[in-house]
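Visitor: Based on what follows, work out the 3D shape:
(chains A and B)
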Amino acid sequence: MASSSSSSKTGLKKMLTLKSSDGDEFELEESIVIQCQTIKHMVEDGFSLIPLQNVDTKTLTKIIEYMKKHAEKTESNKEEIKNFNKEFVKGSFDDQFELVSAANYLHINGLMDLLCQSIADRINNKSVRAVREIFNISNDYTPDEEEKVRDEHKWAHEGGEFDESLD
Amino acid sequence: MDDNLETKGNWLPNDLLFKVFLLLPAETLCRLRYVCKPLLSMINSLTFVEDHFRQSETVLITQNGKGHKVCMPNNLRNIKCILAACNGLVLAQIRENEGLVVINPSTRNHIRVPLGTIGFVHECYGFMFSHFTGAYKVVHLFRDQSYCEILNLTTRSWHAVDGPNLGEFGSIATHRSVSAVGALYWLPKKDGCNHVVSLGRLSLVQEKPLALLLYLLM
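Guide: This is a model prediction of the structure:
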C-alpha cells in the first residue's frame, strides 16, 4: 500500500477507494475526495479504503459526480459550474433528502448549502398540506387548534394560492 | 429541540430540517407554523429565531410607495408613523393617542406600550437593544429638559432618568436616533456641530444599565 505522505511530493496521483453501503467500490484521486471533510480526516489518519456505511451506491454516484465537477472549478468556468448545480438539484425530494443527509454526514459544505437552498426554494410556496406530505410529517393539531393558529396568522395566508403539488 | 419530529418518520433529521427552514422567508415560516406542533416549537425556539435573524437580509419597508410592502393585521392598521427601528424591530406610534407599538414586521408579532408619561411637544423617541441587560429599551427625550424617560419593555412602564445636557443637543424635535451596537446616537441640529450625542455604552461600563447617561464622544 502506498504511504500516506503527500502525493505532490512524489508527483504521482494518490488514489483512494470509497465503498458504498451496498458494497460497491469507487476509485478516485485524493485531490477530488478531500472536498469532503469527513474523508479528508480519514486520509490524514492514513486510510486509503474508506467504507461509507450511511451512503448507498445511488447517492454516492451522485456525490462523486458533484465532487469531480467541483474539483475542476476555476475562475473561467463559473458559468459551467452554475449550470451543473442547477441540473444537479433537479431530482425528486426523496433523492434530495438522501443527498443532503449524505452531504451532511460527509461534511461537504458546498453541497450542503446547495441542497438546503434548493429544498427551501422548492417548498417556499407550498401549501401546508403539501409540506406535510413532502416531509412525511403527520399533523398533530386538532381541527380546533389548527383553526386557532391559522386565525392568529391570517395575514400569512392571504395573497393567493399555494402550491399543492408534491414535486 | 423537540424529538417528536423524528419519531414520526419524516425524511429529514431535525438538524437538517432546521437548516432548510432557516433559509425560508419569515412570511413562509408563519404560514408553515401549523404543519405540526414540533415544527412550531422549532420555529419559535430562541436558537432558530436568532439564527434566522442573523442570516436575513435588510429590506426597505414602506406603508405605501416603493420597497417591501408589509401587509399588517387588522389591529395594526392605524399606525400613524414609525419612530425608530432596531434589529429589525420597529417602534411605531398609533393614531388617536392609542400609544406605541413594537412590531416585528416579519412575523407581525407586536406588543403595545404606553406613550411617554410626560407630554411635551418637542419630544422624540429612540429604540435600542442593551447587550448588557439583554432587553429592548424605548427612550423618550424632550427639548429643554435635563432628564429623559426610559421604558422597560418587559414591565411596560416608564421611569425618568438623567437626560441630555440640553446645550449639546440643539433642537431634537425632528431628530431620529440611530441604534448601533447597544447604544443610541444623535447628531445635534446645530450649526458647526462637532460632536454626536450617544446614550448607552458608557453607562453600561459603569454598571448602571438603567441610569443611562448622555455624553460627548468628541
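
Visitor: C-alpha only now, for contacts and for neighbours.
Guide: Noted.

Visitor: now the farthest one out in chain A, which residue is it?
Guide: Relative to the centre of chain A, the most outlying C-alpha is that of A:D144, 38.0 Å out, by CA atoms, centre = their mean.

Visitor: mind checking the SS state of that residue?
Guide: Of the three states, A:D144 takes helix according to DSSP: H, G, I helix; E, B strand; the rest coil.

Visitor: ditto for B:Y185
Guide: Three-state call for B:Y185 (three-state DSSP): strand.

Visitor: Quick one: neighbours of it, just the number.
Guide: 19 (other CA atoms under 10 Å in any protein chain shown).

Visitor: ok, is the strand or helix carrying B:L16 in contact with chain A or not?
Guide: Per DSSP states H and E, B:L16 falls inside helix B:14-22. Yes. For helix B:14-22 and chain A, the contact criterion (CA under 8 Å from any CA of the partner chain) is met by B:16, B:19-21.

Visitor: C-alpha coordinates for that helix, PDB please?
Guide: Extracted in PDB, the C-alpha atoms of helix B:14-22 (Å, rounded to 0.1, in the frame of the first residue of the first chain):
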ATOM      1  CA  ASN B  14     -34.200  17.500  12.900                       C
ATOM      2  CA  ASP B  15     -30.800  19.300  12.400                       C
ATOM      3  CA  LEU B  16     -31.300  19.200   8.600                       C
ATOM      4  CA  LEU B  17     -34.900  20.400   8.800                       C
ATOM      5  CA  PHE B  18     -33.600  23.200  10.900                       C
ATOM      6  CA  LYS B  19     -31.000  24.200   8.300                       C
ATOM      7  CA  VAL B  20     -33.600  24.100   5.500                       C
ATOM      8  CA  PHE B  21     -36.300  26.100   7.300                       C
ATOM      9  CA  LEU B  22     -33.700  28.700   8.300                       C
END
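
Visitor: For that helix, buried residues please.
Guide: Neighbour counts using 16 or more other CA atoms under 10 Å in any protein chain shown place B:14, B:16-22 of helix B:14-22 among the buried residues.

Visitor: Which neighbouring elements make contact with that helix?
Guide: Using 3 or more CA pairs under 8 Å, 6 or more residues apart in numbering or on different chains; DSSP states H and E, the elements in contact with helix B:14-22 are helix A:109-123, helix B:46-55.

Visitor: I'd like the next helix or strand past that helix.
Guide: Next element after helix B:14-22 (DSSP H and E): helix B:26-31.

Visitor: Packing partners of that following helix?
Guide: Helix B:26-31 sits against no helix or strand, with contacts defined as 3+ CA pairs under 8 Å, 6+ apart.

Visitor: which residues touch it?
Guide: For helix B:26-31, contacts defined as CA atoms under 8 Å, 6 or more residues apart in numbering or on different chains pick out A:124-125, A:128, A:150, A:153, A:156-157, B:21, B:43, B:106-107.

Visitor: want to try JSON lines for these, with pLDDT as columns?
Guide: As requested, those are exported to JSON lines (pLDDT from 0 to 100):
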{"residue": "A:N124", "pLDDT": "93"}
{"residue": "A:N125", "pLDDT": "90"}
{"residue": "A:V128", "pLDDT": "90"}
{"residue": "A:R150", "pLDDT": "76"}
{"residue": "A:H153", "pLDDT": "70"}
{"residue": "A:A156", "pLDDT": "66"}
{"residue": "A:H157", "pLDDT": "65"}
{"residue": "B:F21", "pLDDT": "95"}
{"residue": "B:I43", "pLDDT": "91"}
{"residue": "B:S106", "pLDDT": "74"}
{"residue": "B:T107", "pLDDT": "74"}
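
Visitor: Among those residues, which one is most surrounded by other residues?
Guide: Neighbour-wise, the contacts of helix B:26-31 (other CA under 10 Å) top out at B:F21, 24 neighbours.

Visitor: Do you know the pLDDT at the nearest residue to that residue once chain neighbours are set aside?
Guide: Nearest residue to B:F21 in three dimensions, chain neighbours excluded: A:A120, at 6.6 Å (CA to CA, 6 or more residues apart in numbering or on different chains). A:A120 carries a pLDDT value of 96.

Visitor: How about B:A211?
Guide: At B:A211, pLDDT is 28.

Visitor: how about the strands of chain A, start to end?
Guide: For chain A, the strands defined by DSSP state E occupy A:15-19, A:25-29, A:49-51.

Visitor: what does chain A put close to chain B?
Guide: A:94, A:97, A:100-101, A:116-117, A:119-121, A:124-125, A:127-129, A:131-132, A:135-141, A:146, A:149-150, A:153-157.

Visitor: so of those residues, which ones are in helices?
Guide: Among these, DSSP state H puts A:94, A:97, A:100-101, A:116-117, A:119-121, A:128-129, A:131-132, A:135, A:146, A:149-150 in helices.

Visitor: Please pick the buried ones from these.
Guide: A:97, A:100-101, A:116-117, A:119-120, A:128-129, A:131-132, A:135, A:146, A:150.

Visitor: could those residues be laid out in a markdown table, adding distance to A:G110?
Guide: Converted to a markdown table, these look like this (distance: CA to CA, whole Å):
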| residue | distance to A:G110 |
| --- | --- |
| A:F97 | 16 |
| A:V100 | 11 |
| A:S101 | 13 |
| A:C116 | 10 |
| A:Q117 | 11 |
| A:I119 | 14 |
| A:A120 | 16 |
| A:V128 | 29 |
| A:R129 | 30 |
| A:V131 | 25 |
| A:R132 | 27 |
| A:F135 | 23 |
| A:E146 | 38 |
| A:R150 | 36 |
